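> pasting the sequence and the predicted coordinates here, then a few questions.
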Amino acid sequence: MKPCPICGKPSVEASKPFCSERCRDIDLNRWLSGSYAIPARETDPDDDMEDVSLIPPDKPPLR
């Protein structure tokens, strides 16, 4: 089994992939507080218009 991603102790089946409810709660709190974030790439608003030209003429664009 993989170790707990929070503290490194062996994980237990009941709290998988964590070792305890405490570590599960710590992880949840990190997500809810914004400590974890999925990186995003800034896009140019003009780039969105280029995608419209890829839609076949017989199909309306999705909204």
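Perfect, thanks for sending it.
> helices of this structure, start to end?
With helices called from DSSP state H, the chain shows them at 21-33, 45-52.
> least reliable of those helices going by mean pLDDT?
Note on the helices of the chain: lowest mean pLDDT is at helix 45-52, with a mean of 58.
> residues in contact with stretch 10-17?
Under the contact criterion CB atoms under 8 Å, 6 or more residues apart in numbering, stretch 10-17 has outside partners 1-5, 18-21, 23-24. No exception for glycine: its C-beta is placed from N, CA and C like everyone else's.
> okay if I get those residues as TSV plus neighbour count and distance to residue 35?
Listed next are the contacts of stretch 10-17 as TSV, based on neighbours: other CB atoms under 10 Å; distance: CB to CB, whole Å:
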residue	neighbour count	distance to residue 35
1	10	25
2	8	21
3	13	20
4	22	17
5	13	13
18	21	16
19	21	19
20	16	19
21	11	19
23	20	14
24	17	15
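> just those: which are in strands?
Of these, none are assigned to strands by DSSP state E.
> nearest to residue 58, of those?
Distance to residue 58, by CB to CB, is smallest for residue 5 among the contacts of stretch 10-17, at 49.3 Å.
> leaving out chain neighbours, which residue sits closest to the closest one?
Spatially, and ignoring its direct neighbours in sequence, residue 5 is nearest to residue 17 (6.3 Å; CB to CB, 6 or more residues apart in numbering).
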